[in-house]
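Q: Generate coordinates for the sequence data below:
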Amino acid sequence: MKKVSFLKMIAGMVLVMMLSVQGVNAQNAGGNGKGEKLRKELNLTDDQAAKLKSLRQDAKSRMQDFKSKEGSMTKAEIRAARKSMRQDERGKLEQILNKDQLAKFDQIKQERRASKMNGKH
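A: Have a look, this model is predicted:
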């Protein structure tokens with residue numbers, strides 16, 4: 001049961017990071033999906049979009065590294081590592097986005113989380 005909760009937590013962290021930079025991916029692909037909508041909603045500059053893309057790539061790499069080590073870690077170590085990753089990613093996000101963008105990002109994240117919990121996407 002705890003392993004399922006852990007996996008949900010990791011999936012949530014990855015989702016947050018992916019949502020924060022989907023605008024970059026949609027723009028690069030020429031699409032205008034949810035990522036482009038998020039980029040517009042946050043009114044990201046090209047520089048911010050590039051930094052978020054780099055942040056997402058770093059987070060993905062760290063997550064892969066974490067998953068490879070997870071089996072040899074205690075529950076306390078896993079909790080501490082997850083907390084550290086969340087804090088680090090949030091700190092980097094706060095350096096990239098201004099206060100208004102960060103507030104809007106948090107609002108969007110909460111809305112999407114609530115929508116997902118209600119079975120809507």
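Q: now for the helix or strand containing residue 86, which elements pack on it?
A: With elements taken from DSSP states H and E, the one containing residue 86 is helix 75-96. If you count contacts as 3 or more Cβ pairs under 8 Å, 6 or more residues apart in numbering; DSSP states H and E, helix 75-96 packs onto helix 2-29, helix 46-69, helix 99-117. The C-beta positions use only the backbone N, C-alpha and C, and glycine is treated the same way.
Q: Let me see the mean pLDDT of it.
A: Over the span of helix 75-96, the pLDDT mean works out to 92.
Q: For that helix, buried residues please.
A: For helix 75-96, a neighbour-count test (16 or more other Cβ atoms under 10 Å) marks 78, 82, 85, 89, 92-93, 96 as buried.
Q: And stretch 54-69, by the same measure?
A: Quick answer for stretch 54-69 (16+ other Cβ under 10 Å): 55-56, 59, 62-63, 66.
Q: Closest one to residue 105 out of those, please.
A: Nearest to residue 105 out of the buried residues of stretch 54-69 is residue 55 (Cβ to Cβ; 12.4 Å).
Q: Pretty sure that closest one sits against residue 95.
A: No - using Cβ atoms under 8 Å, residue 55 is not in contact with residue 95; the gap is 9.4 Å.
Q: list the contacts for residue 41?
A: If you count contacts by Cβ atoms under 8 Å, 6 or more residues apart in numbering, residue 41 has them with 104, 108.
Q: just to revisit the earlier point, just put the buried residues of helix 75-96 in TSV and tack on distance to residue 104.
A: Listed next are the buried residues of helix 75-96 as TSV, based on distance: Cβ to Cβ, whole Å:
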residue	distance to residue 104
78	31
82	25
85	23
89	17
92	17
93	12
96	13
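Q: Of those, just say which sits nearest to residue 36.
A: Closest to residue 36, out of all of these and judged by Cβ to Cβ, is residue 96, at 18.0 Å.
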